[in-house]
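> this is the structure alone, sequence omitted:
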């Protein structure tokens, strides 16, 4: 300004008194401009539009809520009078700055909008999502809860910028209360998501427990927002679901069909929706580019949907399939003709080229895989109603070259008329593997909970498939009616474990309190004497312990011994180079997961499944018996003193006397 008497930029430019990058980080003004001008330019950084004559228009919109510029000078409404505003000019600007006010519409564009008048901006006044399960242990009187909380974000409807959905809310507290009493803080997890587990004592005679996640203002301590409140009946096992069908499968230890104290949920049990003949129903459709020649137009190739390309650079809406190394399934991804290159392009951008999928009838769930074309790619999937209203969106994480992330949208009702899949933040990526509709088969989680989400309203048959060797103590198939926007979560299935299976520690065959080589030797010795077989009901003189059925499938095979061996190997301490070499020579190529019922076998061998009789696999039995002998030999060589002591404490017989060496 020292060299410029009028305090303005030179004539001929677009701006003489200052400018700002809308939604950006910078403003540029001569140093001598008044503070009110600085405030005006900062308003642009937060998306507010000009309101003075010849600049902003009444018809324009902008900001997180895409608010209309109602205080613009050209507002045509009869009797309109401009409010004082930092986005106006002259006296209106000066008055607004002096009184620390601005027009209603400019405040809305900058995010200052409180539609329900509760003192919280709309952008933060969004409930958390919260699901979980809980029950009371009648022995110690404690209520146990496990769940997941996630902050909610308001859809960014800005007609400018990247439309990123934002929040500063965190999961500040997990709280509970008993019978409508005062809220008690159980956890202070922080972060945008939280996996939570906790327990607390419930007074005798209590009826209900209520649990929520919440966000609080650090300055005032006031509640900003909370989750849906999960209400649990003290006298039941409860699962909270946000949509669809949900329930439990539990271990019915005493086979009475009642979930008693001390009985727990059972993981890895399949639950599915079936028709009148017991066959699994399919509510979903897959549309994948694999299996099509380059010349085939895919727009109408898949039932229930129409594919098309849309965007500023799309001339031909046809969709094709093209071979790419970086795909999620098979070796092909979706593509569209690019007139600029006179070829089919497999990359999809932010606005130039996007994939639109329109449904014959509205759907409740949709997913598509985003495959990164280079480091830093981001994908976005948006769902729209039949009238074009944006219903929901999901954005991927920052992807590295070749990374795959499934973009999934699930709704409580079938209201998605079409979706648009694209890249985000000016990047480009590939799209592959469309799946429409909800899944109709799931597995129970660690708590025995299953959830079949985003189902349309209707009547359903829910079937629990059970586990080989386990006996159902309840009906395995039940009927439920699902209405729109309401979850049903009262489905319960009981399974009684095989009598020859030790529930607490299956590898502790002799129930000595320790897992030692003797546990495997007992199984191998019985196999040598009586062979692999389906275990019969216990009789006098032939009843557990020993609990031979380590795998819990109702059979005695070398797989049971191998599970003990794997447990021993996984819990051994110390390692020598020679021992490692011997171990690698005689054990399986794949790691063994002791939590599953399927044991990895060597390449080319046949896997057992819960529905196959293990006695049919004689060659496989021989393989496992040899592997077991080798590994047990190694175990004794490395732990000879400790093993001998353990054997002598639990059984006077030596390994040699057992006929194994």
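Yep, that arrived. Please read these numbers as outputs of a predicted model, since none were measured by experiment.
> separation between the spatially most central residue of the chain and residue 290?
In the chain, the centroid-proximal residue (Cα atoms, centre = their mean) is residue 408; its distance is 9.2 Å. Taking Cβ to Cβ, to the nearest Å as the measure, residue 408 falls 20 Å from residue 290. Backbone N, C-alpha and C define where each C-beta goes, glycine included.
> which parts of the chain belong to which domain?
Domains of the chain are assigned by automatic domain parsing as 19-109, 250-276+444-491, 285-436, 517-650.
> JSON lines for those domains, including mean pLDDT and distance to residue 146?
Formatted as JSON lines, the domains of the chain follow (pLDDT from 0 to 100; distance: least, Cβ to Cβ, whole Å):
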{"stretch": "domain 19-109", "mean pLDDT": "94", "distance to residue 146": "35"}
{"stretch": "domain 250-276+444-491", "mean pLDDT": "91", "distance to residue 146": "6"}
{"stretch": "domain 285-436", "mean pLDDT": "95", "distance to residue 146": "21"}
{"stretch": "domain 517-650", "mean pLDDT": "60", "distance to residue 146": "17"}
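> tabulate the ones you listed (a markdown table), appending distance to residue 127.
Formatted as a markdown table, the domains of the chain follow (distance: least, Cβ to Cβ, whole Å):
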| stretch | distance to residue 127 |
| --- | --- |
| domain 19-109 | 18 |
| domain 250-276+444-491 | 15 |
| domain 285-436 | 14 |
| domain 517-650 | 35 |
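> show me what counts as buried in stretch 157-166.
158, 163, 165 (16 or more other Cβ atoms under 10 Å).
> for the closest residue to residue 193 other than its chain neighbours, what are phi and psi?
Nearest residue to residue 193, sequence neighbours excluded (Cβ to Cβ, 6 or more residues apart in numbering): residue 150, at 4.7 Å. Dihedral angles of residue 150 (phi, psi; degrees, to the nearest 10) stand at phi -150, psi 130.
> residue 529 too?
According to degrees, to the nearest 10, residue 529 has phi -80, psi -40.
> count of neighbours near it?
8 (other Cβ atoms under 10 Å).
> try residue 342
7.
> residue 554 too?
21.
> thought it was touching residue 469?
Yes - counting by Cβ atoms under 8 Å, residue 554 touches residue 469, with 2.5 Å between them.
> show me where the stretch 401-550 of the chain has its helices.
Using DSSP state H, counting those that start in this stretch, the helices assigned to the stretch 401-550 of the chain run over residues 517-530.
> that one: strands as residue ranges?
404-410, 416-423, 429-436, 441-443, 449-452, 458-464, 471-472, 477-482, 488-496, 533-534 (DSSP state E, counting those that start in this stretch).
> how far does the second one sit from its chain's centre?
Here the centre of mass of C-alpha atoms in strand 416-423, compared against the chain's by Cα atoms, centre = their mean, to the nearest Å, lies 20 Å away.
> for the fourth one, same thing?
Centroid separation between strand 441-443 and its chain, computed with Cα atoms, centre = their mean, is 14 Å.
> what mean pLDDT would you report for it?
What strand 441-443 shows for mean pLDDT is 95.
> just to revisit the earlier point, which of the strands of the stretch 401-550 of the chain sits closest to residue 84?
Distance to residue 84, taken as Cβ to Cβ, is lowest for strand 416-423 among those, at 40.9 Å.
> quick one: residues in contact with that closest one.
310, 347-351, 353-359, 362-364, 366, 368, 370, 377-386, 391, 407, 409, 429, 431 (Cβ atoms under 8 Å, 6 or more residues apart in numbering).
> now the strands of the stretch 401-550 of the chain in CSV, with distance to residue 267?
CSV is the format used below for the strands of the stretch 401-550 of the chain (distance: least, Cβ to Cβ, whole Å):
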stretch, distance to residue 267
strand 404-410, 23
strand 416-423, 32
strand 429-436, 25
strand 441-443, 8
strand 449-452, 9
strand 458-464, 13
strand 471-472, 17
strand 477-482, 20
strand 488-496, 11
strand 533-534, 24
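> about what we covered before: narrow the buried residues of stretch 157-166 to those in helices?
The helices in this structure, assigned by DSSP state H, contain none of these.
> before we move on, back to that, need the residues touching each of residue 554 and residue 469.
With Cβ under 8 Å, 6+ apart, residue 554 and residue 469 have common neighbours residue 498.
> so what's the closest residue to residue 200 other than its chain neighbours up against?
Excluding the flanking residues, the one nearest residue 200 by Cβ to Cβ, 6+ apart is residue 143, at 5.8 Å. Counting by Cβ under 8 Å, 6+ apart, residue 143 makes contact with 134-137, 176, 199-202, 209, 232, 234.
> which among the residues you listed gets closest to residue 217?
Among the contacts of residue 143, and counting by Cβ to Cβ, the member closest to residue 217 is residue 176, at 21.3 Å.
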